[in-house]
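Undergrad: Okay, structure incoming, though there's no sequence with it:
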C-alpha cells in the first residue's frame, strides 16, 4: 500500500514528531491507484464516470476484430421463428431437430456503441440464420426480424447465409432451402423436390432477379426485399 519514502534528510529529523510533517510524508507515500481499486469512494467513482477508459478500444482495429471473433465463439445457427413462447428451454420443435440458438444479439454488443458497431456485423456475418415460416406464429416472428433488419444496416448488410424452413415437406430435409445472399444463389441441388413446380419456378425467378439487380445496383436493402418475397412465396399466410 505504501511506497518507500527513503531516509529523511538530517535537517528534518527534528520535525519527525511534527504532526503536519508526518501527515504530509504519509500522503506522499500512499499508492492512490491501489486505494482507488480497493476502496473506491465517491470521488474516484465520479472520476471514472467522467473519464471512461477501455483499453480494448485503444488496440489496432485488426486486433480488436480478432478478439471479437474469439469472444463470439464458434459459428452456429441463429433460429428465427419459434422462440415466441417464453420462457423457452432447448430448441423449439418448430425447427425439426435442427440445432439452433435464439437470434439474440450477444452481450458484447451492449457494452458500448463502438463495440456494438464493430462486433454486430461480425456476429451476423459468421453465423447462419434459419427462418422458420411454416407456422403462423413463427412467420410473424420472421416478419418482425426482417422489419428490424431493414432498419439496421449492420444486420441487413451481413445477412450472408440464410436457411428457410418452408411449409412444403415439413418433416424431412427437403423442406429446407439454403441461400448464399452475398451472391444470391441457392446452394442445395434438391431443394425443389417437395415444392410444387409453380412455386419452385417463382423461387428461382426471385433469386435470379435479385442477382441481376445486384450487378446493376449493389443495395443492402436488396437482401431484405428478396427474403420478404421468398417468405411470401414459401411461408404460411401471415394472417
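TA: Right, received. Where do you want to start? Treat the numbers as computed from the prediction; the structure is a model and nothing was measured. Numbering: from 1, shown residues only.
Undergrad: From now on I want contacts and neighbour counts done on CA atoms only, so please keep to that.
TA: Noted.
Undergrad: Show me how this structure divides into domains.
TA: Domain segmentation of the chain under automatic domain parsing yields 10-50, 60-234.
Undergrad: right, so the ones you listed: which one is the most enclosed?
TA: domain 60-234 (a mean of 17; mean count of other Cα atoms under 10 Å).
Undergrad: Quick one: end-to-end distance for that domain.
TA: 45 Å (Cα to Cα, to the nearest Å).
Undergrad: Could you do stretch 210-226 as well?
TA: First-to-last residue span, stretch 210-226, Cα to Cα: 7 Å.
Undergrad: what's next to it, contact-wise?
TA: 146, 149-150, 153, 156-157, 159, 181, 183-185, 206-207 (Cα atoms under 8 Å, 6 or more residues apart in numbering).
Undergrad: Could you do stretch 110-128 as well?
TA: 57, 65, 68-69, 72, 75-78, 105, 108-109, 154-155, 157-163.
Undergrad: hmm, back to that, a markdown table for the contacts of stretch 210-226, including distance to residue 138?
TA: Listed next are those as a markdown table, based on distance: Cα to Cα, whole Å:
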| residue | distance to residue 138 |
| --- | --- |
| 146 | 13 |
| 149 | 17 |
| 150 | 19 |
| 153 | 24 |
| 156 | 20 |
| 157 | 23 |
| 159 | 19 |
| 181 | 22 |
| 183 | 27 |
| 184 | 24 |
| 185 | 24 |
| 206 | 22 |
| 207 | 23 |
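Undergrad: Take those and keep only those in strands.
TA: residue 185 (DSSP state E).
Undergrad: averaging pLDDT over each of the domains of the chain, which comes out lowest?
TA: Mean pLDDT values for the domains of the chain show the minimum at domain 10-50, a mean of 46.
Undergrad: what about the helices in the protein?
TA: With DSSP state H as the criterion, the chain has helices at 19-29, 32-38, 42-50, 61-72, 113-126, 136-151, 153-156, 197-216, 221-234.
Undergrad: And residue 192, how far from residue 178?
TA: Residue 192 is 11 Å from residue 178, by Cα to Cα.
Undergrad: related to what we said a few turns ago, switch the helices of the chain over to JSON lines; also include distance to residue 100.
TA: What follows is the helices of the chain, written out as JSON lines (distance: least, Cα to Cα, whole Å):
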{"stretch": "helix 19-29", "distance to residue 100": "57"}
{"stretch": "helix 32-38", "distance to residue 100": "41"}
{"stretch": "helix 42-50", "distance to residue 100": "39"}
{"stretch": "helix 61-72", "distance to residue 100": "15"}
{"stretch": "helix 113-126", "distance to residue 100": "14"}
{"stretch": "helix 136-151", "distance to residue 100": "14"}
{"stretch": "helix 153-156", "distance to residue 100": "18"}
{"stretch": "helix 197-216", "distance to residue 100": "25"}
{"stretch": "helix 221-234", "distance to residue 100": "19"}
